[in-house]
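>>> here is a sequence with its predicted model. Questions after.
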Amino acid sequence: MTTAEDHLFGFLRGLHEGGLRVPANKQSEFFAGIETLAPSTVGQLYWIGAATLVTSEPERHVYDDVFRRFFGLTEAPALVVTDEPADDTADEDEPTSMPGSGEAESVVADATGGSGLAASTVSPENVRRFPATTPRAHELIRELCRELPRAVPSVRSRRTRPGGRRQRVDLRAIYLGSRRTRGEIMRLYWRHRPPRSRRLLLLVDVSGSMKQHSADYLRFAYAVVATCPRAEVFTFGTRLTRVTPHLRLSDVDTALAALAEVVLDADGGTLIGTSLAAFLDDHADLARGALVLVLSDGLERGDCTAMVAATRRLSLLAAQLHWWSPLACDPAYRPLTRGMSAVLRDLDALTGVDDLDTALTAVRGKFATTQRSAHV
Amino acid sequence: MLLDHAALSQQLKDRRYFADEGLLTAVRLAIALGRPLLLEGEPGVGKTQISHVLADALSRELIRLQCYEGIDVSQVLYEWDYPKQLLSLRAAEVEGTPVGNLYAGEFLLERPLLRALRSDAGAVLLIDEIDRADSEFEAFLLEFLDTFQITIPEVGTVAAAVPPLVVLTSNRTRELHDALKRRCLYHWIPFPDPERERAIVEAQTPGLSARAAARLVRSVNVIRSLNPLKRPGIAEAISWAQGSLALADEGAEWTDALRASLGLVLKNAEDGALVAAHAVEVFGDDDR
């Protein structure tokens, strides 16, 4: 029996080494499960482990690998694993990011010393270091933090608070108040639904063509996460990365350094359509009713149908969809590329923003929805 | 009593629920260990249905708590019946009788969680779409799921005589807290394999021929593989079968009936266009 136990403990250690950290109570549940259900086949053991040790679908892949290593193949799980489309698309993404083979792509590749493919592989030389934030930029970030809460539109909270406008009678307060007067109601108490700022969702393009702007864009994202309680930030180049937790650090340079560790596709090629579609597949609800800002030049390589379709869906989900583009800073700019001209009808605003100064102007304009006309 | 694999499987099958190996194990563990069971999966794969079926199989009461943004304790645990308390206070005043206990059981309105604890035979508690509630509510649930007891200041602590079997479902529109996941058994319900799906569709649609069911399930699987905006779940497949059957009973060809009732599977104009573009693959005739 001890050898079997050793093997199970070895399996748990294997999971730990594979990156799946199982808390102690889950481990004991795993053993309790084995004890109560007394699995007779490897397949049954597999499912006991799957229910007790795993807490999300991605973890399941780690679990599958380690399980296969320790207990050999089982016929049952294969069926589930193959039904996972996310992997196929991810595999297909990589090649398409590379052959972008158009001139523009190779220019980008030369300028940054790496092709889209190299950027998407995990290697330390792709970790991008951002220059230190200048005092002037610090000043602007502070200013942004002051302006943002006022600029983000608000919605009514679902949770009521006492007082305020006379929206709902507060029965509880009235009852408690009337106890003092032996059941006589002397005063009506009210509750109201206080305003709450909308979720702000930032999708930041960090591809090669945005190289000179992405640092400031990410500083803006830092200011957003620091001030807005329900903000979410994603970066995309050839893949989508959720960076909200990394930006939630007290110092902006530390935050950017932390971000450089996880955003491995910086300065590479651009796959706007695929990235936005990946966002919509996994996190569509973050965009629902939110104020969505896409910070990108909209220069999609190759076919732009995916980008147009994704933008359309995004605009249907979002309360407002704004596109901030460095190109639009030029008053002579007209969104004539096929992608941008098709996307334009789904945008609430196309605003020219290329650094913190222009971002501050846009925020001070309270995300006005009229700028679009300037470019059409 | 339902710990036995075959018995549980049969019980569910009798109630027209066809669970796979993984789900059966997860349910058996949830019953044996008394832990909450967290189910995730695409919409319409039977996450909610399993708790209905389980309640029926265990002959327990099903108590459902539908989560939504801003849900709070007074909608989940209990609330005092303030108008009633007020009236009895007034009545006592008018009649000159002493005011009784205003926090007696008669003034307590039980909400789902409290009801689940007080249920004599134990209940099946379904906390549906937990991802729709905000994280404050999730944090509040932790204590309940750990100890299965609730403290009401005016009354004291209410503990469950028989702990409820808790099923939580999530559509994964937001990441749940690790603290909550740690307390739960987890199972991801995938789309069923074609064979099981056919069994489900046939069981839920009386009068459907095996061949028609096979054709329909094949079409549904093709649609799923086209990567539409919303991949149709089993629920959609069933309503498609029922809709098509209704049309076929009026004399329509099966393929035509499938086409005509396509709106029961696809809920997006874009997906409709996608299927129209791949009509041959979706409705392709395999017997010609």
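Thanks, I have it.

>>> for A:His14, give me its contacts.
If you look again at residue A:14, you'll see it is Gly, not His. A:Gly14 makes contact with A:66, A:69-70 under the criterion Cβ atoms under 8 Å, 6 or more residues apart in numbering or on different chains. Every C-beta, even on glycine, is put in place using the N, C-alpha and C of the backbone.

>>> now swap in A:Phe234 and tell me
A:201-204, A:240-243, A:279, A:283.

>>> looking at those residues, which is nearest chain B?
Checking the contacts of A:Phe234 against chain B with Cβ to the nearest Cβ, the nearest one is A:His283 at 8.1 Å.

>>> quick one: low-confidence parts of the chain?
If you meant another chain, say so; for now it's chain A. Residue ranges of chain A with pLDDT under 70: A:1, A:73-129, A:368-376.

>>> let me rephrase: I mean chain B.
Counting by pLDDT under 70, chain B has low-confidence residues at B:1-3, B:285-288.

>>> nearest to chain A: which residue in it?
Of chain B, the residue with the smallest distance to chain A, taken as Cβ to the nearest Cβ, is B:Gly70 at 2.4 Å.

>>> that residue: neighbouring residues, count only.
By the criterion of other Cβ atoms under 10 Å in any protein chain shown, B:Gly70 has 18 neighbours.

>>> for A:His192, see how far away the closest residue to it other than its chain neighbours is.
Among residues not flanking B:Gly70 along the chain, A:Arg158 sits closest, at 2.4 Å (Cβ to Cβ, 6 or more residues apart in numbering or on different chains). Per Cβ to Cβ, to the nearest Å, A:Arg158 is found 12 Å from A:His192.

>>> higher neighbour count, the two?
For A:Arg158 versus A:His192, the count of surrounding residues by other Cβ under 10 Å is larger for A:His192: 17 against 13.

>>> residues contacting that one?
Counting by Cβ under 8 Å, 6+ apart, A:His192 has contacts A:160-161, A:163-168.

>>> pick out the most distant pair among those residues.
Farthest pair in those (Cβ to Cβ) is A:Arg161 and A:Arg166. Separation: 13.1 Å.

>>> next, the contact list for B:Glu74, please.
One correction, residue B:74 is Ser, not Glu. B:Arg111.

>>> swap in 6 Å and give it another go.
B:Ser74 makes no contacts at all, as judged by Cβ atoms under 6 Å, 6 or more residues apart in numbering or on different chains.

>>> also A:Leu171?
Neighbour list for A:Leu171: B:Tyr82 [criterion: Cβ under 6 Å, 6+ apart].

>>> now do 10 Å
If you count contacts by Cβ atoms under 10 Å, 6 or more residues apart in numbering or on different chains, A:Leu171 has them with A:189, A:191, B:79-83, B:85-86.

>>> and if you look at A:Ala258?
A:243, A:245-249, A:251.

>>> and of these, the nearest to A:Ala51?
For these, the closest approach to A:Ala51 (Cβ to Cβ) belongs to A:Pro245, at 27.8 Å.

>>> hmm, A:Glu57 and B:Glu175 touching each other?
No - B:Glu175 lies out of contact with A:Glu57 (Cβ atoms under 10 Å); the separation is 11.4 Å.

>>> between these two, which one's more packed in?
A:Glu57 (16 against 13).

>>> what about the closest residue to that one other than its chain neighbours, neighbour count?
Nearest residue to A:Glu57, sequence neighbours excluded (Cβ to Cβ, 6+ apart): B:Trp188, at 5.2 Å. If you count neighbours by other Cβ under 10 Å, B:Trp188 ends up with 22.
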